[in-house]
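Chemist: Got a predicted model here, sequence first, then my questions.
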Amino acid sequence: AVKEMVAYHTYAHYKASGVEWLGEVPQHWNVATLYRCIAYDRRLTYGIVQAGPKLDVGIPYIRPADMTGDGIPSVVYLPKTSARIAEGYSRSAVSEGDIVMSIGPSFGKVAIARAEHTGANLTQGTARIAIDKVHHARYFLWLLRSYNVQQYWASVATGATFPALNLEPLGRTVLPIP
């Protein structure tokens, strides 16, 4: 009986996801677009178009160049813009737990904002993905970093010289949801 229980738990039953590049998913999982997993009141958005001159004191902002494999550096090391410029882009202010993603020429870098990043903003080369309370941001962090998702984005990126990922195809990315 123990052997049968181990075998049952070891092998999941799978179903077709309906998405060619995604393949099969565990039978009890759902498949949904990223849009459906974002907080209703905090839409998918990019940040400041022109941050102005870098200031010593002001509102920190996150650029794709600031994102590394380790995440986002401390706000101490981030460039800063004026409160007036940042105020015009309050829709893209970051909160703890938000996913920040590069969407410009180096698209696909993904990190999670820490508490110290709350109130920081983004540049137009980065997007904020505010996962809703039903889902777990850390799961999405690793999912969005996965090879299959990155390859999908490469296939829908626009621009010949400097490929970039627009918000619409980003939001329509189909993902397996446990």
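Modeler: Yep, that arrived.

Chemist: what's the following helix or strand after the lowest-mean-pLDDT helix or strand in the chain?
Modeler: Ranked by mean pLDDT, DSSP states H and E, the weakest helix or strand in the chain is helix 2-10, scoring a mean of 52. Moving toward the C-terminus from helix 2-10, the next helix or strand (DSSP states H and E) is strand 14-16.

Chemist: neighbouring contacts of that next one?
Modeler: Gly23, Glu24, Val25, Pro26, Gln27 (CB atoms under 8 Å, 6 or more residues apart in numbering). Glycine gets a C-beta too; all of them are placed from N, C-alpha and C.

Chemist: Need the per-residue pLDDT for Ala65.
Modeler: You'll see Ala65 listed with a pLDDT of 93.

Chemist: ok so, going back, any chance of the contacts of strand 14-16 in CSV, plus distance to Ile59 and neighbour count?
Modeler: What follows is the contacts of strand 14-16, written out as CSV (distance: CB to CB, whole Å; neighbours: other CB atoms under 10 Å):
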residue, distance to Ile59, neighbour count
Gly23, 43, 11
Glu24, 45, 13
Val25, 41, 20
Pro26, 43, 11
Gln27, 47, 9
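
Chemist: Closest one to Pro60 out of these, please.
Modeler: Val25 (38.2 Å; CB to CB).

Chemist: partners of the closest one in the sheet?
Modeler: Lys15 (DSSP bridges).

Chemist: Could you report the distance from it to Val149?
Modeler: 13 Å (CB to CB, to the nearest Å).

Chemist: and if you look at Leu44?
Modeler: Counting by CB to CB - Leu44 and Val149 are separated by 15 Å.
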